[in-house]
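> Need coordinates for the following:
(2 chains, ligands or ions: 6)
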2 protein chains.
Amino acid sequence: DPVPIDLHLPDNYVQHTLKTQKELPPITWTNWWRELNYISLAVLTITPSIALYGVFNVPLCWETAAFSVFYYFVTGLGITAGYHRLWAHRSYNASKGLQYLLALAGAGAVEGSIKWWSRGHRAHHRYTDTELDPYNAHKGFWWSHIGWMLVKPRRKPGVADVSDLSKSPVVRWQHRWYIPLILAMGWAVPTAIPGLFWGDWVGGFFYAGAARLCFVHHSTFCVNSLAHWLGETPFDDKHTPKDHMITAFVTVGEGYHNFHHQFPMDYRNAIKWYQYDPTKWFIAVCSFLGFASHLKTFPDNEIRKGQLTMQLKRLRETQDGIIWPGDAHDMPIVSWDSFQEQSAKRPLILVAGFIHDVSTFLDEHPGGRHLLVKYIGKDATTAFFGGVYDHSNAAHNLLSMHRVGILQHGYRQGLDDKTIPPSQRLRIAKY
Amino acid sequence: DPVPIDLHLPDNYVQHTLKTQKELPPITWTNWWRELNYISLAVLTITPSIALYGVFNVPLCWETAAFSVFYYFVTGLGITAGYHRLWAHRSYNASKGLQYLLALAGAGAVEGSIKWWSRGHRAHHRYTDTELDPYNAHKGFWWSHIGWMLVKPRRKPGVADVSDLSKSPVVRWQHRWYIPLILAMGWAVPTAIPGLFWGDWVGGFFYAGAARLCFVHHSTFCVNSLAHWLGETPFDDKHTPKDHMITAFVTVGEGYHNFHHQFPMDYRNAIKWYQYDPTKWFIAVCSFLGFASHLKTFPDNEIRKGQLTMQLKRLRETQDGIIWPGDAHDMPIVSWDSFQEQSAKRPLILVAGFIHDVSTFLDEHPGGRHLLVKYIGKDATTAFFGGVYDHSNAAHNLLSMHRVGILQHGYRQGLDDKTIPPSQRLRIAKY
Ligand code: HEM
Ligand code: HEM
Ligand SMILES: [Fe+2]
Ligand SMILES: [Fe+2]
Ligand SMILES: [Fe+2]
Ligand SMILES: [Fe+2]
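Numbers count the residues shown, from 1 in each chain, chains lettered A, B, ... in the order given. Ligands and ions are numbered 1, 2, ... in the order given. Now for the predicted structure:
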């Protein structure tokens, strides 16, 4: 058995590597032609050129159009359900037959072998947003979309183990026959099917072959670019991955990327039934038919924790944006006599141990000025707390904003819940 | 000057009154005919009978239809902008002219004089949902809608002061001439305008008079029934009032009743511009034209406190529905030697001072079984916290669920933030 490449990593591998490993020099106007990755460059420029030529010169019949869309989904699922969720993340088990089908379909997407792809993708998850991430989103939208393939990597991606894949006969088989497989699945099959069935060899080549391939490419690339740029972060905002419906539509369901980076071994990307995740639907159908099993899901309890934390994080901003009553520890402690004396000069009212200056509120009081005036220099606790009127929570909150002091020995027993305005009984606490 | 009736209320007025004041006997099959309020009963049954007769016997021309809708809004605004927001709640000041207009329009709604109406309404706010509330929503939808008017009140409504209104010449004038005013504004004017301008006296009487009056009645009654039944409680859920768009449409904008009960002296019911509150728009236009002034609004800071509390309340249910890691105080404290000994029998891993049993997780670990096995009986803190892999917040949360013990003397300095899983750093605290 092959030994996992990361078995003997030291405990400080990441920090140590980032500090000591050399990067290639940055790309400049003088060195760029030496730094290009000519193979990817060829694949990613010649394919769209062929497609564009076809669009302007070859008529498109509806059968070929429909087949191209169909084949887009077939090869797309090869990547999403195969390369990504099955091999890179082991999020379910597939029967031998399904594995071969996915390996073939994935080859038709012409994005490298399962082994190469998964190695890079595991490094992306393992070192997301760092220099060891091969498609580090912090280096810009275009870098993560396509730039990282067009030039030689500036730095070796971080260690990621794929020894499990090296053991898989299907993965080994696909890696071994990769060049013939992409010629067959990427070009020959999409040309031959329209050719043999409705005589449209040329349309098949240009539309189901070249144009479809461009779409599959940029669709998958969007998982590295768009999915790290557009949308919300309902599960965690530590890193760049985001959730967005548009990304999901563009990527055959890989658009709930915030969820995915938190729970990468979950066979789902979308957890709600109404969200668009055809890759999940495909896997579920395969499982129903007996071709897939052991569909992994992250415990719901832990998923909800992530959501709760993010919601609290947002509410914490609200909490921080609100003006709260002054801290009781900063208030003067006033004797009863001093309270009486002061009350002759300004309208002070005692409620639940706190002395309140209501000068600005006398004429605003919905219950009337007279009821406040009546309690100047007196204890209005009972009246305020329902004896005369059971004030709303809003009134309690407002009251707390008028605190100016604490009555000495005035903190009566059993009143603790009255001294805390309702808006501060539930609050977001931070360790 | 009249003395406010509630000036000398004792501090325990509410509880004392509820305990000592007698209620009338409940309505039964034998006593109901003696308990009916025959005046209201007449108004509330004869008007719809006239309207129904008209619907089946009198043709409706479009001018009269349009005028009826218009007059519905005029008399509706008389209640909402006049009776309710101006007089009952003093939420703004109105010029003499506007006051007379509103008093006339409000008389056209035939719901009692300003003084009578405001006295009941203030009691409703002051004793919401209690026995002292004349239209206590806890007594059922139909009671709060219309029942409370059809029978004699079972108990004197709680004290509510209207001495400010007794001082107002407009209010006194309307109260004095109330019977002629309702005959004029409720019946004569809506009959005469269609009669004089397009010759439809009969249509005017049946549609702009009777039918329009029924709609205005039940529209206003909905504020006491529907607005206490249907919708959300975004500001406070201590009492029954609720916010709902449908109620707003039905009641000329009085449908944000949860807000209104929290902030009754706010001239608005809806605070968002896209919510339906034509009464607010009317007041704002009057203010723009110089007929209204001193439009009161509750401080935004306090409004946001209410919203925050309610959102936290809902999240607290989520928090309570989640399973959290066991309390550190309940865990055994384990010596290093015992940790080593135990690790030979089951997979124990030390992270940030806690000992974790990962038996159920070995084969689930996305990073592979080998990385966990390597750390059995060892301290994986550095590796887990980024040295090998900077685990997601979800991984930290999951980790905390595997805690089985605390290493004796093992709590290293500076690690405090590592011992608290991310989902517990922000949490809703309750006093
Ligand atoms: C000193 C600080 C006080 C503050 C900040 C305050 C605040 C408020 C507020 C905001 C309301 C509007 C309704 C509500 O939100 O519940 C209100 C209504 C009222 N308050 Fe106060 N209040 C104070 C003291 C008192 C006292 C001492 C009394 C009685 C002795 C009193 C009696 C009333 C009554 C009867 C109403 C009802 C008005 C109505 O709905 O018609 N208030 N108060
Ligand atoms: C003992 C408790 C552990 C738990 C509960 C745990 C949990 C997880 C989880 C949930 C993931 C998925 C990705 C994520 O959510 O961040 C993950 C990935 C990973 N873990 Fe752990 N882990 C543990 C220990 C370790 C240790 C000790 C190491 C290293 C020595 C390690 C190395 C990795 C690696 C390298 C990955 C990346 C897999 C990938 O994305 O390809 N884990 N772990
Ligand atoms: Fe990603
Ligand atoms: Fe992934
Ligand atoms: Fe109400
Ligand atoms: Fe009201």
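> residue boundaries of the strands in chain A?
A:93-94, A:292-293, A:333-334, A:348-351, A:354-357, A:403-407, A:426-430 (DSSP state E).
> Kindly compare burial across those and name the winner.
Compared across those, strand A:348-351 shows the largest average neighbour count, a mean of 25 (mean count of other Cβ atoms under 10 Å in any protein chain shown). Glycine gets a C-beta too; all of them are placed from N, C-alpha and C.
> Contacts (any at all) between ligand 1 and that strand?
Yes: Strand A:348-351 is in contact with ligand 1 by Cβ under 6 Å from any ligand atom, via A:Ile349.
> Centre-most residue in chain A?
Nearest to the mean C-alpha position of chain A, by Cα atoms, centre = their mean, lies A:Asn258 at 1.5 Å.
> got the contact list for A:His239?
By Cβ atoms under 8 Å, 6 or more residues apart in numbering or on different chains, A:His239 lies in contact with A:128-129, A:261.
> Let's see the ChimeraX selection covering just the buried ones among these.
Applying 16 or more other Cβ atoms under 10 Å in any protein chain shown to those, the buried members can be selected in ChimeraX as follows:
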select /A:128,129,261
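> residues making contact with stretch A:65-80?
Stretch A:65-80 has contacts (Cβ under 8 Å, 6+ apart) with A:102-109, A:111, A:117, A:185-186, A:190, A:193-194, A:204, A:207-208, A:211-213, A:215-216, A:219-220, A:251-254, A:278-279, A:282.
> so who does the residue in the stretch 251-400 of chain A positioned nearest to ligand 2 touch?
Using Cβ to the nearest ligand atom, the single residue of the stretch 251-400 of chain A nearest to ligand 2 is A:Pro264, 5.3 Å away. Neighbour list for A:Pro264: A:89, A:91, A:125, B:366 [criterion: Cβ under 8 Å, 6+ apart].
> rerun at 6 Å
Applying Cβ atoms under 6 Å, 6 or more residues apart in numbering or on different chains, one finds that A:Pro264 lies in contact with A:89, A:125, B:366.
> tell me the contacts of the residue nearest to the centre of chain A?
A:233, A:235, A:241-243.
> got a markdown table for the residues you listed, with pLDDT too?
Listed next are the contacts of A:Asn258 as a markdown table, based on pLDDT from 0 to 100:
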| residue | pLDDT |
| --- | --- |
| A:Thr233 | 96 |
| A:Phe235 | 95 |
| A:Pro241 | 97 |
| A:Lys242 | 97 |
| A:Asp243 | 97 |
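> out of the contacts of A:Pro264, who's nearest B:Lys96?
A:His125 (73.7 Å; Cβ to Cβ).
> isn't A:Asp379 right up against A:Ile349?
No: using Cβ atoms under 6 Å, A:Asp379 is not in contact with A:Ile349; the gap is 8.4 Å.
> got any residues that touch both of the two?
Joint contacts of A:Asp379 and A:Ile349 (Cβ under 6 Å, 6+ apart) do not exist.
> Skipping adjacent residues, who's closest to A:Lys96 in space?
Nearest in space to A:Lys96, with sequence neighbours left out and distances taken as Cβ to Cβ, 6 or more residues apart in numbering or on different chains, is A:Val170 at 7.2 Å.
> Quickly note the distance from the one you found to A:Asp266.
Taking Cβ to Cβ, to the nearest Å as the measure, A:Val170 falls 23 Å from A:Asp266.
> Spit out the contact partners of the residue of the stretch 51-200 of chain A found nearest ligand 1.
Ligand 1 sits closest to A:Asp129 of the stretch 51-200 of chain A, with a gap of 48.5 Å, by Cβ to the nearest ligand atom. If a contact means Cβ under 6 Å, 6+ apart, then A:Asp129 has A:137-138, A:239-240 as its contacts.
> Pull out the buried members of those.
A:137, A:239-240.
> so how far is B:Val388 from A:His16?
The gap separating A:His16 from B:Val388 is 11 Å, by Cβ to Cβ.
> what about those two, which has more around it?
B:Val388 (24 against 13; other Cβ atoms under 10 Å in any protein chain shown).
> ok, now which ones touch that one?
A:9, A:13.
> same thing but at 8 Å, please
So B:Val388 contacts A:6, A:9, A:11, A:13-14, B:371 (Cβ under 8 Å, 6+ apart).
> Distance check, the closest residue to A:His244 other than its chain neighbours against A:His125.
Spatial nearest neighbour of A:His244, excluding adjacent residues (Cβ to Cβ, 6+ apart): A:Gly231 at 3.1 Å. Between A:Gly231 and A:His125 the distance is 18 Å, computed by Cβ to Cβ.
> what does A:Leu165 give?
15 Å.
> same deal with A:Val151?
On the measure of Cβ to Cβ, A:Val151 and A:His125 end up 22 Å apart.
> if you count what's nearby, which of those two comes out ahead?
More crowded of A:Val151 and A:His125, by other Cβ under 10 Å: A:His125, with 21 against 18.
> That one touches A:Phe263, doesn't it?
No: with contact defined as Cβ atoms under 8 Å, A:His125 and A:Phe263 do not form a contacting pair (11.1 Å).
> who does the nearest residue to A:Gln319 once chain neighbours are set aside bridge with?
Computed as Cβ to Cβ, 6+ apart, the closest residue to A:Gln319 that is not its neighbour in sequence is A:Ile428, at 5.6 Å. When assigned by DSSP bridges, A:Ile428 has beta-bridge partners B:Ile428.
> could you list every residue that touches A:Ile428?
Per Cβ under 8 Å, 6+ apart, neighbours of A:Ile428: A:312, A:315-316, A:319, B:312, B:426-429.
> cool, A:Arg90 as well?
Contacts of A:Arg90 by Cβ under 8 Å, 6+ apart are A:164, A:265, A:296, B:366.
> separation between the nearest residue to A:Leu362 once chain neighbours are set aside and ligand 1?
Distances taken as Cβ to Cβ, 6+ apart place A:Arg369 nearest to A:Leu362, at 5.2 Å, with adjacent residues excluded. As judged by Cβ to the nearest ligand atom, to the nearest Å, A:Arg369 and ligand 1 stand 10 Å apart.
> And A:Arg369, what's its pLDDT?
At A:Arg369, the model reports a pLDDT of 93.
> same thing with A:Phe56?
With respect to pLDDT, A:Phe56 scores 97.
> repeat for A:Val110
The predicted local confidence for A:Val110 is 97.
> Tell me, how many residues neighbour it?
20.
> Next up, the contacts around it.
A:43, A:47, A:182, A:186, A:213, A:216-217.
> out of those residues, which is most surrounded?
A:Leu213 leads the contacts of A:Val110 on contacts (other Cβ under 10 Å) with 27 neighbours.
> Apart from its neighbours in sequence, what residue is nearest that residue?
A:Thr47 (5.2 Å).
> unless I'm mixing things up, the one you found is touching A:His218, no?
No: counting by Cβ under 8 Å, A:Thr47 does not reach A:His218; the two are 10.5 Å apart.
> Next, find the distance separating A:Phe215 from A:Val252.
Distance from A:Phe215 to A:Val252, by Cβ to Cβ: 11 Å.
> picking that back up, the contacts of A:Asn258: which two are farthest apart?
A:Phe235 and A:Lys242 (10.2 Å).
> Look at those two and report which has more neighbours.
Applying other Cβ under 10 Å to A:Phe235 and A:Lys242 shows that A:Phe235 carries more neighbours, namely 26 against 23.
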